[in-house]
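Asks: Following is a predicted model, sequence given first.
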Amino acid sequence: MGLANRGRAGETAMGWEYDERRESVHVPKDAGEYTDRHVKIMMRIPDGWGRWISCDRGWYPIIIGVDRRLAELDPNYTVHQVKEKFDGLWYYYEPTDSVDGTALRKMSEIVAEAEAEAEAEVAGETCERCGSVEQVEVRMDLFLVLPMCDECEAKWQER
């Protein structure tokens, strides 16, 4: 049995419907005032990709800003993934065919700027968990590299 089939078998054994779970909108518990914008971004994700954003609250304003700016240039652009990976923000998107070259370049610049802003935050300026700029350090645990303030790290260690 292939890995994908074993994963589906495991989900079925646990009572999960694979496609329903993947296609559901997964709003983070800490989305708060960002909930509506999260939903709008996740509804841009096509079927089959899974509708969630994989980063913490401190980067929500950056992500929402990217979506607003991209939507001004291409209201129907598609999102494939938004996540934290290798201690940086990764925003994978696809413009529609109707977008001209100038808008395409601007869209690339917008995403690059946002990823650079998040990267600057990873360098110790902003906690990915809460957005604090006080006592932030890059914390490492196995495969995770996260910029966190002392307070969020203490909560994280308690988990």
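Replies: Arrived safely, thanks for sending. Numbering: from 1, shown residues only.
Asks: Against residue 137, how distant is residue 28?
Replies: Distance of residue 28 to residue 137, given as C-beta to C-beta, to the nearest Å: 23 Å. C-beta coordinates here come from the backbone N, C-alpha and C atoms, glycine included.
Asks: Same check on residue 117?
Replies: Distance, residue 117 to residue 137, by C-beta to C-beta: 19 Å.
Asks: the more surrounded of the two?
Replies: Per other C-beta atoms under 10 Å, whichever of residue 117 and residue 137 has more neighbours is residue 117, with 18 against 13.
Asks: need the contact list for the more buried one.
Replies: By C-beta atoms under 8 Å, 6 or more residues apart in numbering, residue 117 lies in contact with 62, 89.
Asks: Work out for me the element it sits within.
Replies: Residue 117 is part of helix 101-120, with elements assigned from DSSP states H and E.
Asks: tell me which residues in that helix are buried?
Replies: 103, 106-107, 110-111, 114-115, 117-118 (16 or more other C-beta atoms under 10 Å).
Asks: Closest to residue 65 out of those?
Replies: Ranked by distance to residue 65 (C-beta to C-beta), the buried residues of helix 101-120 are led by residue 114 at 6.7 Å.
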